[in-house]
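S.K.: sequence and computational prediction follow.
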Amino acid sequence: MSFEQVLNKKAFINGEWVDAKSGNTFAVTNPATGDIVANIADCNADDAQSAVAAAKAAFRPWANKTAKERCQIMRNWFDIVMTHDEELAALLSTEQGKPFAEALGEIRYGAAYIEWFAEEARRTYGDIVPSHKADARILVMKQPVGVVAAITPWNFPNAMIARKAAPALAAGCPIVIKPAEDTPLSALALAQMAKEAGVPDGVINIVPTSTAQVVGDVLTTHNDVAKVSFTGSTDVGRIIMRNGAQTIKKLSLELGGNAPFIVFDDADIDRAVEGAVASKYRNSGQTCVCANRLYVQAGIYDEFVTKFSEKVAELKVGGAFDHDVVLGPLINKKAVAKVEELVGDALEKGASATIGGRGSDKGELFYEPTILRDVSRDARVLREEIFGPVAPVIKFDDEADAIALANDSEFGLAGYFFSNDLGRVWRVAEAIECGIVGVNEGVTSAVEAPFGGIKQSGLGREGSRYGLDDYLELKYVLMGGLAQ
Ligand SMILES: NC(=O)c1ccc[n+]([C@@H]2O[C@H](COP(=O)([O-])OP(=O)(O)OC[C@H]3O[C@@H](n4cnc5c(N)ncnc54)[C@H](O)[C@@H]3O)[C@@H](O)[C@H]2O)c1
Ligand SMILES: O=C[C@H](O)CS(=O)(=O)O
């Protein structure tokens with residue numbers, strides 16, 4: 001599958017493909033091979049200023065379109081993305097490394113957000129409230145917040161952008177997007193298709209850069225940016241929050257995770273193993289909602305570890321376009337070093353690998369799918385986001401122990417547990433401290449459901465019927481002088 005038709009090398013500002021004002025470019029590489037995929041415009045603060053100015057100029061004309069007009073243009077965008085899903089998937093696999101089948105799934109997942117919010121655009125209902133004054137009426141209306149800046153991660157370079165651009169456009173907001181430096185090509189391809197769909201100039205702007213802080217500082221402090229929607233690590237989320245405070249920016253923060261995955265002794269073990277494989281090894285463990293620490297009740301621990309290891313042994317590691325590959329490379333050398341450091345720490349503290357525990361001979365960024373048993377409760381893998389194909393499995397005694405272990409984290413994005421005891425399902429679902437709970441399910445994400453976390457995993461929700469609220473302001477109008 002060729003992706004040349006959707007490969008763009010310039011920034012997209014005000015509906016035009018432009019070089020960086022500096023003339024500089026930076027290389028985007030294929031993590032599986034190290035080959036340079038393209039050299040693209042390396043934007044700086046001046047380019048970011050131009051993009052914000054273009055968005056500001058586009059705001060009112062876009063907001064003044066009817067919801068139906070915005071809906072139709074977004075539906076065109078959805079149709080074009082779905083028509084070219086395989087080219088987009090090939091591009092995504094090449095810049096990010098995930099297997100083609102998984103990349104195709106991401107393209108369709110991202111497109112689902114465009115479709116969903118095209119529909120939601122027409123449902124930004126307000127209220128008329130019974131008034132406290134006989135000669136006045138209370139109206140509550142919803143209006144777009146204004147120019148939105150989005151800063152997005154490399155692990156889902158299409159879907160994380162669609163999950164922000166779609167509600168922004170549906171609400172009537174223009175958007176300036178800074179994609180991750182490792183994976184900007186998918187963002188540029190989405191903009192290409194948005195233009196083809198009839199999205200007006202300035203409504204979508206993409207400023208790729210190798211200097212995230214330079215462009216990010218403009219987008220998070222600019223007076224004409226009303227809202228910042230950020231997806232990435234909690235550490236960078238703190239920077240975004242601090243920068244945004246200067247001008248009281250509205251914020252959506254989708255941050256780091258440390259998902260507990262609990263298997264009780266009354267669970268269907270085979271279903272739990274299937275859920276653990278799906279949750280842990282998706283995108284080679286590089287998702288914010290991956291099972292990060294697996295807690296298995298003592299009575300079934302050995303059976304679970306044996307069955308889990310047998311299933312993981314079947315996972316094939318390799319390049320995105322190799323037959324039957326399930327695990328692609330990690331994104332860069334820093335990611336591999338982090339995984340090696342965390343595995344080393346666990347092994348030093350008494351854990352052993354039932355499978356994997358080392359890099360793969362497929363290439364310097366590939367890591368073998370790994371299961372660690374008998375992990376010490378003070379091991380770093382239980383406190384830090386692994387972001388790699390490593391599953392630490394820990395024994396627990398009873399329900400209270402499992403809940404205490406699961407909630408012992410500053411993160412609260414996703415959590416999973418497997419049980420067939422109805423009372424336990426209700427008790428644990430209510431007690432676990434996270435925004436997303438999978439009960440007898442290892443993968444929960446869906447456009448229909450609210451995605452987001454609590455504690456230091458972020459603010460706000462994306463997707464679902466709640467996702468539009470973060471891009472709208474409520475205005476209260478007291479309409480008086482109505483007496484005869
Ligand atoms: N909650 C979610 O929905 C979600 C989704 C995907 C990834 N994540 C999290 O993202 C992390 C992995 O992604 P990552 O490595 O790209 O995260 P990251 O925080 O390193 O980078 C995210 C984005 O922020 C930019 N950035 C970095 N420093 C910046 C600065 N000083 N100012 C402005 N922008 C800056 C990067 O260029 C990138 O575009 C993990 O922690 C993962 O859990 C969360
Ligand atoms: O990692 C980030 C994504 O939000 C994961 S998901 O595809 O939405 O589950």
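M.R.: Looks like it came in fine. Numbering: from 1, shown residues only. Ligands and ions are numbered 1, 2, ... in the order given.
S.K.: going forward, measure contacts and count neighbours with C-alpha atoms only.
M.R.: Fine.
S.K.: the stretch 301-450 of the chain against ligand 2: which residues are in contact?
M.R.: Residues of the stretch 301-450 of the chain lying close to ligand 2 (CA under 6 Å from any ligand atom) are residue 445.
S.K.: nearest to ligand 2: which residue in the stretch 301-450 of the chain?
M.R.: residue 445 (4.5 Å; CA to the nearest ligand atom).
S.K.: any idea of the pLDDT on that residue?
M.R.: With respect to pLDDT, residue 445 has a value of 95.
S.K.: show me what stretch 430-444 is in contact with.
M.R.: For stretch 430-444, the surrounding residues in contact (CA atoms under 8 Å, 6 or more residues apart in numbering) are 271-272, 274-276, 278-279, 403, 406-407, 411-419, 425, 429, 451-455.
S.K.: so what's the residue count around the closest residue to residue 327 other than its chain neighbours?
M.R.: Nearest residue to residue 327, sequence neighbours excluded (CA to CA, 6 or more residues apart in numbering): residue 317, at 4.6 Å. As a burial measure, residue 317 scores 22 neighbours (other CA atoms under 10 Å).
S.K.: could I get the contacting residues of residue 317?
M.R.: Contacts of residue 317 (CA under 8 Å, 6+ apart): 325-328, 360, 362, 366, 368.
S.K.: what does stretch 258-268 rub up against?
M.R.: Taking CA under 8 Å, 6+ apart as the rule, stretch 258-268 contacts 269, 272, 276, 288-300, 382-385, 399, 402, 406, 409, 411-421.
S.K.: within reach of ligand 1, which of these are there?
M.R.: residue 288.
S.K.: list buried residues within the contacts of stretch 258-268.
M.R.: For these, a neighbour count by 16 or more other CA atoms under 10 Å gives the buried set as 269, 272, 276, 288-298, 300, 382-385, 402, 406, 409, 411-419.
S.K.: so which of the contacts of residue 317 belong to strands?
M.R.: Among the contacts of residue 317, no member is found in strands (DSSP state E).
S.K.: with distance to residue 306, neighbour count and pLDDT added, can I get those residues in TSV?
M.R.: Compiled in TSV, the contacts of residue 317 are given as follows (distance: CA to CA, whole Å; neighbours: other CA atoms under 10 Å; pLDDT from 0 to 100):
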residue	distance to residue 306	neighbour count	pLDDT
325	23	18	97
326	20	22	97
327	21	26	98
328	24	33	98
360	22	16	97
362	26	16	96
366	24	27	98
368	17	25	98
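S.K.: which residues touch residue 417?
M.R.: Listed by CA under 8 Å, 6+ apart, the contact set of residue 417 reads 261-264, 437-441.
S.K.: helix or strand for residue 230, which one?
M.R.: strand 227-231 (DSSP states H and E).
S.K.: okay, the residue nearest the centre of the chain and residue 454: tell me how far apart.
M.R.: Centroid check for the chain by CA atoms, centre = their mean gives residue 160 as the closest residue, at 4.5 Å. Using CA to CA, to the nearest Å, residue 160 is found at 19 Å from residue 454.
S.K.: with residue 431 instead?
M.R.: Taken as CA to CA, the span from residue 431 to residue 454 is 13 Å.
S.K.: so between the two, which is more surrounded?
M.R.: Of the pair residue 431 and residue 454, residue 454 is the one with more neighbours under other CA under 10 Å, namely 20 against 14.
S.K.: read off the pLDDT value for the closest residue to the more buried one other than its chain neighbours.
M.R.: Spatial nearest neighbour of residue 454, excluding adjacent residues (CA to CA, 6+ apart): residue 412 at 4.9 Å. Reported pLDDT at residue 412 in the predicted model: 98.
S.K.: wait, residue 412 touches residue 459, no?
M.R.: No - using CA atoms under 8 Å, residue 412 is not in contact with residue 459; the gap is 10.9 Å.
S.K.: give the residues shared as contacts by the two.
M.R.: Common neighbours of residue 412 and residue 459 (CA under 8 Å, 6+ apart) are residue 453.
S.K.: all helices of the protein, in order?
M.R.: 45-63, 67-83, 85-96, 100-120, 159-171, 185-197, 212-221, 234-245, 269-281, 301-312, 333-348, 399-407, 422-431 (DSSP state H).
S.K.: pLDDT on the last one, on average?
M.R.: Translated: helix 422-431. Mean predicted confidence for helix 422-431 is 98.
S.K.: and it, what's buried?
M.R.: Within helix 422-431, the residues that count as buried by 16+ other CA under 10 Å are 425, 428-429.
S.K.: just the C-alphas of stretch 262-269, formatted as PDB.
M.R.: Extracted C-alpha coordinates of stretch 262-269, given in PDB (Å, rounded to 0.1, in the frame of the first residue of the first chain):
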ATOM      1  CA  ILE A 262      -6.800  -7.500  38.800                       C
ATOM      2  CA  VAL A 263      -7.700 -11.100  38.400                       C
ATOM      3  CA  PHE A 264      -9.800 -12.600  41.300                       C
ATOM      4  CA  ASP A 265     -10.000 -16.300  41.900                       C
ATOM      5  CA  ASP A 266     -13.700 -16.400  40.800                       C
ATOM      6  CA  ALA A 267     -12.700 -15.000  37.400                       C
ATOM      7  CA  ASP A 268     -12.900 -16.900  34.000                       C
ATOM      8  CA  ILE A 269      -9.100 -17.300  33.800                       C
END
